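**Q** Sequence and predicted structure, then a few things I'm wondering about:
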Amino acid sequence: MKPGLGAPLRRHRDFRALLAGRTAAELGNAIAPVALAFTVLDLTGSLTDLGLVVGARSVANVLLLLVGGVLADRLPRGVILQGTEYAAMATQALLALSVLSGHASIPVLIALAAVNGAVAAMSLPAAASLTPQTVSPDLLAPANALVRMAANTGRITGAALGGALIAATAPGWAMVANSVVFLAAALAYRRVRVRGPRRTERTNPLADLAAGWREFSSRSWVWLVVVQFMVVNAVLAGCLVVLGPSVADDTFGRAGWGLVLAANTVGAFAGGVLAARWQPKRALRIGVAVAVFDAVPLALLAELPHVVPLVIAMFLAGVALEQFVVAWDVSLQENIAEDKLARVYSYDMLGSFIALPVGEVTAGPLAESVGVEATLLGGAALLTVVTLLVLLSPSIRGLERRPVPA
């Protein structure tokens, strides 16, 4: 009988600590941008200033992802996560102090936001690659599903909590609360006692990056999936994040758009439960294939922009996404050497993060040029074609889960 969703929590103390830390970290990372945005608006009211502050965090995050991967393959990952959460706590506390004391300025906010983005970059590869060190091999699928569900919970709760704190108090006090959440994450990570990655040799960081690239590029199933989701992420960022609200405003309204987005989140939770219990032999092939479900909401926004069909489509897309993410994480964790796993994750994350602003920046001008409907349908077609092309690869169709010892 396959292990249930709660098995990793019951059997592994280190995983319980990891899950608590990741949930708190995601909660803090969701509160932070909300508090930061309203701080800038209260300070200057300038959207240009807001873009500079938010952009500084994003740029630092992208630039240092690969460094985070190198560090996570050199040092104990639990220690890295403790350090990054303490650093995140410190940056938020300094932000709160500058705001509450009346000494906040745009240069100060830009500097601290960049530090916060750098800290997040250091933590992401370590967090993603730590899961297989905290559970037995037979529990990788339910453990990754639980991590995804906890992350989604943290993001949703954090965004709502950030708004509520700002409405009830002020951005400065929301940052104080944010620093306490990061402290809680650091304390949770202190209870993760697993060893560091096994290193057979010591090299310089550039050689480590090169070795990580060779590990990443030598497996066609790895880089093909990353290319696929660079396109998928760019299309979804442009069509759903940028064009979706505009279509909703012109048709079924903003409240309906909120329901549509909520349906995607509910689908993700349901998908997490399914991914933990359903563990097909060729999980990656299925995960890559079901990405086509993401094309359906785009086509509906173009041709049938009504709440009910969109809610159904976004729910199914959420379920499908979790099948991919869990299959992807398990495939990497089973097939990439432990001492190179964080670097491979960092190249994967770099591809995903670069794709998001590309889609967001190009969607508007493209829609103005060829029309919103054509852009949405074109995005759906591009997403579908890329997915089908990637499925032609024998390395993806044939990759199998490792058999679990009885």
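**A** Okay, I see it.
**Q** how many neighbours does Ile286 have?
**A** Using other C-beta atoms under 10 Å, Ile286 has 15 neighbouring residues. Quick note: C-beta positions are derived from backbone N, CA and C, even for glycine.
**Q** Just the pLDDT for it.
**A** On pLDDT, Ile286 comes in at 95.
**Q** Could you give the average pLDDT over stretch 311-326?
**A** Across stretch 311-326, the average pLDDT comes to 94.
**Q** Can you show me the CA trace of that stretch as PDB?
**A** The C-alpha atoms that make up stretch 311-326 are tabulated as PDB, following Å, rounded to 0.1, in the frame of the first residue of the first chain:
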ATOM      1  CA  VAL A 311     -13.600  28.500 -12.600                       C
ATOM      2  CA  ILE A 312     -13.800  24.900 -13.800                       C
ATOM      3  CA  ALA A 313     -10.800  25.400 -16.200                       C
ATOM      4  CA  MET A 314      -8.700  27.100 -13.600                       C
ATOM      5  CA  PHE A 315      -9.500  24.400 -11.000                       C
ATOM      6  CA  LEU A 316      -8.300  21.700 -13.400                       C
ATOM      7  CA  ALA A 317      -5.200  23.800 -14.300                       C
ATOM      8  CA  GLY A 318      -4.400  24.000 -10.600                       C
ATOM      9  CA  VAL A 319      -4.700  20.200 -10.200                       C
ATOM     10  CA  ALA A 320      -2.600  19.600 -13.300                       C
ATOM     11  CA  LEU A 321       0.200  22.000 -12.200                       C
ATOM     12  CA  GLU A 322       0.700  20.100  -8.900                       C
ATOM     13  CA  GLN A 323       1.000  16.800 -10.900                       C
ATOM     14  CA  PHE A 324       3.900  18.400 -12.800                       C
ATOM     15  CA  VAL A 325       5.600  20.100  -9.900                       C
ATOM     16  CA  VAL A 326       5.600  17.000  -7.700                       C
END
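**Q** ok, residues contacting that stretch?
**A** Residues outside stretch 311-326 that contact it (C-beta atoms under 8 Å, 6 or more residues apart in numbering): 141, 144-145, 148, 259-261, 263-272, 274-276, 283, 286-288, 290-291, 293-294, 296-297, 300.
**Q** And stretch 28-47, by the same measure?
**A** The contact list for stretch 28-47 (C-beta under 8 Å, 6+ apart) reads 49-50, 53-54, 57, 85, 88, 92, 95, 99, 104-106, 109, 113, 116, 120, 154-159, 161-163, 165-166, 170-172, 174-175, 177-178, 181-182, 185.
**Q** hmm, 6 Å instead?
**A** Stretch 28-47 is contacted by residues 49-50, 53, 99, 104, 155, 158-159, 162-163, 166, 171, 174-175, 178, 181-182 when judged by C-beta atoms under 6 Å, 6 or more residues apart in numbering.
**Q** Over to stretch 62-82?
**A** The contact list for stretch 62-82, computed with C-beta under 6 Å, 6+ apart, reads 118, 121-123, 125-126, 129-130, 186, 189-190, 192, 196-197, 205, 208-209, 339, 342-343, 346, 349-350, 353.
**Q** which parts of stretch 79-89 are buried?
**A** By neighbour count with 16 or more other C-beta atoms under 10 Å, stretch 79-89 contains the buried residues 80-89.
**Q** how about Gly253, phi and psi?
**A** For Gly253, the backbone dihedrals (degrees, to the nearest 10) come out as phi 90, psi 170.
**Q** do His12 as well
**A** Backbone geometry at His12, expressed as degrees, to the nearest 10, gives phi -130, psi 110.
**Q** Please tell me how far it sits from Ala188.
**A** 14 Å (C-beta to C-beta, to the nearest Å).
**Q** Also Leu377?
**A** 45 Å.
**Q** Which one's more surrounded, these two?
**A** The neighbour count for Leu377 versus Ala188, taken as other C-beta under 10 Å, is higher for Ala188 (22 against 19).
**Q** Phi first, then psi, for that one.
**A** Dihedral angles (degrees, to the nearest 10) for Ala188: phi -70, psi -40.
**Q** Quick check: it touching Ala20?
**A** Yes. Using C-beta atoms under 6 Å, Ala188 is in contact with Ala20, at 4.0 Å.
**Q** quick check: domain ranges of this protein?
**A** 7-197, 211-398 (automatic domain parsing).
**Q** Pull up the distance across the shortest one, start to finish.
**A** End-to-end distance for domain 211-398: 25 Å, by C-alpha to C-alpha, to the nearest Å.
**Q** and that domain, how far out from the chain's middle?
**A** Computed by C-alpha atoms, centre = their mean, to the nearest Å, the chain-centroid distance of domain 211-398 equals 12 Å.
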